[in-house]
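K.L.:
Got a sequence here, can you build the structure:
(one chain, ligands or ions: 1)
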Amino acid sequence: MTADSPASPFDPHQQNNPPDLDHKIVAALERLTGVFRHLLWEEATQRGLSPLQLQVLVFLRFHPAGQCTASYLAREYHVSRATISDAVKALTQKTLVSRHPDPADQRSHFLALTPAGAQLAEQTSRFAEPLIRPVASLPARQKLSLYLNLFTLLHQLQQAGTIPVQRMCFTCRHYGRQPGQHYCHLLDIPLESFRLRLDCPEHEAISW
Ligand code: SF4
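P.N.:
I've put the predicted structure just below:
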């Protein structure tokens, strides 16, 4: 490393001499994404799917039709249209997904799960269970603090353009602040920290 090149969070020396929490946190997040990738890969392989095909099934299972298009999925998973089209084509050939013309735009299609696809999505959507158990065992205060910190981190990454718009409260046009608290003007409810939504079905992105 030259004197003016940035330090790497993956260098144990940078993490520890002197202790550098920023680097340690980034290294820890990288380990966690590795766990996530491994669990996803294991589940997908057992089911004869690619990891992206499995992610598409799970996304279609839990999101409204308006978000179930190839272009939306490409943005969601940071892949090209061609890559997502290949995944959708494979799922269609396996009769797990079907395509339906968008009545508002004949050039576009909505994607939907077939009954077999819905059943498989239901079974495979629990692949992250080994991550849920240790999180669930954390004391409530630590859990809330972890959630808020991750929430803030995702928001900052979105603002920096590193990740696409998240369906979260801080990027929603219905989000507001009232003295001392977050507020949802659509649902007309205060949003205590644990109620802040990361993936909200009612989310409408702020137009900048
Ligand atoms: S609509 Fe959903 S995302 Fe938007 S502020 Fe309300 S709870 Fe949050």
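K.L.:
and the gap between the residue nearest to Lys24 when sequence neighbours are not counted and the ligand?
P.N.:
Spatial nearest neighbour of Lys24, excluding adjacent residues (Cβ to Cβ, 6 or more residues apart in numbering): Gln15 at 5.0 Å. Placement of C-beta: from N, CA and C, glycine included. Distance, Gln15 to the ligand, by Cβ to the nearest ligand atom, to the nearest Å: 35 Å.
K.L.:
wait, Gln15 sits on Ile25?
P.N.:
No - Gln15 lies out of contact with Ile25 (Cβ atoms under 8 Å); the separation is 9.8 Å.
K.L.:
With neighbour numbers in mind, choose between those two.
P.N.:
Set side by side, Gln15 and Ile25 show more neighbours around Gln15, with 21 against 14, by other Cβ atoms under 10 Å.
K.L.:
where's Thr83, which helix or strand?
P.N.:
Thr83 is part of helix 81-93, with elements assigned from DSSP states H and E.
K.L.:
Give me the contacts around that helix.
P.N.:
Applying Cβ atoms under 8 Å, 6 or more residues apart in numbering, the contact partners of helix 81-93 are 50, 52-53, 56-57, 70-71, 73-74, 77, 97-99, 111, 117.
K.L.:
Tell me if I am right that the residue nearest to Lys24 is in a helix.
P.N.:
Yes - membership of Gln15 in a helix is supported by DSSP: H, G, I helix; E, B strand; the rest coil.
K.L.:
Which residues belonging to the longest helix anywhere in the chain are considered buried?
P.N.:
Secondary structure of the chain per DSSP state H: the longest helix is helix 21-46. Neighbour counts over helix 21-46 (16 or more other Cβ atoms under 10 Å) mark 23, 27, 39-40, 43-44 as buried.
K.L.:
which bits of this structure sit near the ligand?
P.N.:
Residues of the chain lying near the ligand by Cβ under 6 Å from any ligand atom: 169, 172, 174-175, 184, 186-187, 197, 200, 202-203.
K.L.:
what about the protein, any weak spots by pLDDT?
P.N.:
Counting by pLDDT under 70, the ranges of the chain that qualify are 1-5, 208.
K.L.:
domain assignment for it?
P.N.:
10-137, 139-195 (automatic domain parsing).
K.L.:
OK, contacts around the spatially most central residue of the chain?
P.N.:
Centroid-nearest residue in the chain, with Cα atoms, centre = their mean: Glu76, separated by 7.4 Å. Taking Cβ under 8 Å, 6+ apart, we find Glu76 in contact with 59, 164.
K.L.:
Okay, it and Thr69: tell me how far apart.
P.N.:
10 Å (Cβ to Cβ, to the nearest Å).
K.L.:
the helices in the chain, which residues?
P.N.:
Counting by DSSP H, the helices of the chain are 12-16, 21-46, 51-62, 70-76, 81-93, 115-124, 129-136, 140-159.
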